Each structure stands twice: as C-alpha cells, then as structure tokens.
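1. Just the structure for this:
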Amino acid sequence: YLMLNRHKDAITTYEKAFSQDKKFWYPLNNIGLIHYEKGRKDDAIKLWRQSFEIDAKAAEPALALAVALYHRGDQEQGLKIGETAIQLDSRYSEIKFLRDNLWGDRLIADTQKFLELPRMRAAITEAKAASQDSSSPR
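-> Below is the predicted model of the structure:
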C-alpha cells in the first residue's frame, strides 16, 4: 500500500501489525515515513522515538529521527542521534538503501543535506572504516 501511495490503507495495515506485536517497531517506523511526507513531522518524530525506544539498535528510525530533529532546529540532538544511527548501520548513509527501505522524496532530500554536514561525513567515514576493519581477515 505504501508503494502504491495508498497511505490510509498502509497506515491501517501497519497499525494492525503493531497491535499484534508491540516489539515490532517497523510498522511505527513506516507510519512515520508517511507522516513525514505529508508534512506531519511532529507525528513522525513521535513514532520514530517510539520505534527507537523499542529497539535501541534500530538504525532506520534513529536516522529518520535525527534528520527530523535537525531540520526542526534541534541540531545537537539530531547530530548525536545521527552519529549513533550511522554507527549502528552505515548502509543508512546510502540514498539508494534509503529508497529501497521506502523513504520518500521529502525525507530523502532532508537526509541528503543532513548527511553532507561535516560532522555526519566524519561519522560515516569512521563507521565505514570500522565496518571494513571488522570484516577483514585477521
């Protein structure tokens, strides 16, 4: 439904999925994606915070939350959470990966600006280097 732009149906389905498993953060995250694209950024932030509280190792809602907070004016908090997100999974610094994970145009545009910040560029470089170090044969 999300990919078909049937947002009401998508939200209904995501809410049903979450009601069946309160530890399954993905539905909340995806409802947040819909809200962000519709300009309901505060609603998206609330859902991404909730998703990240369910799983503190979930990079996707962490990065989305970071971008939204940064663009709302909570820059320091956004940067801290963004650094954490990239450390958790550096693939989220790749726009194709975000698109593959159903991120919309509005969030992608804001994320591209966010990831170009010097502090985020440094976090990405560090995370990718650490990832390569851990995957190298010893």
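2. so where's the protein shaky on pLDDT?
-> Scanning the chain for pLDDT under 70 picks out the ranges 133-138.
3. Report the distance from the longest helix seen in the chain to the chain centre.
-> As assigned by DSSP state H, the longest helix anywhere in the chain is helix 118-135. Its chain's C-alpha centre and that of helix 118-135 lie 18 Å apart, by CA atoms, centre = their mean, to the nearest Å.
4. list the buried ones in that helix?
-> Of all the residues in helix 118-135, those buried under the rule 16 or more other CB atoms under 10 Å are 120, 123, 124, 127. Where you see a C-beta, it was placed from the backbone N, CA and C, and this is true even at glycine.
5. Where do the helices of the chain begin and end?
-> Remark: helices assigned in the chain by DSSP H are 7-20, 26-37, 41-54, 59-72, 75-88, 95-100, 105-115, 118-135.
6. ok, and which of those has the densest surroundings?
-> Counting by mean count of other CB atoms under 10 Å, helix 59-72 has the highest mean neighbour count of the helices of the chain, with a mean of 25.
7. contact partners of it?
-> Contact partners of helix 59-72, identified using CB atoms under 8 Å, 6 or more residues apart in numbering, comprise 25, 28-29, 32-33, 36, 41, 44-45, 47-49, 51-52, 75, 77-82, 84-86, 88-89, 91-92, 101, 103, 107, 110-111, 113-114.
8. Now that helix - C-alpha only, CSV.
-> C-alpha atoms of helix 59-72 as CSV (Å, rounded to 0.1, in the frame of the first residue of the first chain):
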residue,chain,number,x,y,z
ALA,A,59,19.4,2.4,12.8
GLU,A,60,16.5,3.3,10.5
PRO,A,61,14.2,5.1,12.9
ALA,A,62,17.3,6.6,14.6
LEU,A,63,18.4,8.2,11.4
ALA,A,64,14.9,9.4,10.4
LEU,A,65,14.5,10.9,13.9
ALA,A,66,17.9,12.5,13.7
VAL,A,67,17.1,14.2,10.3
ALA,A,68,13.7,15.4,11.5
LEU,A,69,15.0,16.8,14.8
TYR,A,70,17.9,18.5,13.0
HIS,A,71,15.6,20.1,10.4
ARG,A,72,13.2,21.1,13.2
